[in-house]
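Undergrad: Sequence plus the predicted model coming up.
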Amino acid sequence: MNKFQRYRLRCTLSFGDIYGQIIIWLLVIFASLAAAMGLMGASRPIYALATVGLILVLSLPFLLFAFVTTLLNHIEVMEIDSVAESRPSGNLASQQRPAAI
């Protein structure tokens, strides 16, 4: 079990990595709402609600897949060398960057 303690997980994901995916999904939502508004004037408005529901249900798995694969691509597994382990913990904190706001 000690061999797993020599590794560190680091996530390098930033908002810019998923920004394009969010914009595309918002465009899909607005397109579905535009189609619903177009169908709302028809004689059967239930089709409008079914259109929005269908587009949401069909697009959410693709959005989830895109987010998860992007996240997994930005996870790094690094081996901690013995030199880094022997240093005091204060030096390790100085090597890390603070989160950007």
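TA: Happy to help now that I have it. Residues are numbered from 1 along each chain as shown.
Undergrad: what packs against the helix or strand hosting residue 32?
TA: Secondary structure from DSSP states H and E places residue 32 in helix 15-40. With contacts taken as 3 or more Cβ pairs under 8 Å, 6 or more residues apart in numbering; DSSP states H and E, helix 15-40 sits against helix 46-73. The way it works is simple: take the backbone N, C-alpha and C, and place the C-beta from them, glycine included.
Undergrad: isn't residue 79 right next to residue 7, touching?
TA: Yes. Contact criterion Cβ atoms under 8 Å: residue 79 and residue 7 qualify, at 5.7 Å.
Undergrad: Pretty sure residue 80 sits against residue 7.
TA: Yes. If you go by Cβ under 8 Å, residue 80 and residue 7 touch, sitting 6.7 Å apart.
Undergrad: mind listing what the residue at minimal distance from the centre of the chain touches?
TA: Nearest to the geometric centre of the chain sits residue 67, at 3.4 Å (Cα atoms, centre = their mean). Residues near residue 67 by Cβ atoms under 8 Å, 6 or more residues apart in numbering: 18, 21.
Undergrad: mind checking the SS state of the residue lying farthest from the centre of the chain?
TA: Here the centre of the chain is the reference, and by Cα atoms, centre = their mean the most remote residue is residue 43, at 39.8 Å. Three-state call for residue 43 (DSSP: H, G, I helix; E, B strand; the rest coil): coil.
Undergrad: Next, it: phi, psi?
TA: Main-chain dihedrals, residue 43, degrees, to the nearest 10: phi -70, psi -20.
Undergrad: what sits against it?
TA: Per Cβ under 8 Å, 6+ apart, neighbours of residue 43: none.
Undergrad: And for the spatially closest residue to residue 17 that is not a sequence neighbour, the neighbour number?
TA: What sits nearest to residue 17 in space, not counting adjacent residues and going by Cβ to Cβ, 6 or more residues apart in numbering, is residue 70, at 5.8 Å. For residue 70, the neighbour count with other Cβ atoms under 10 Å is 14.
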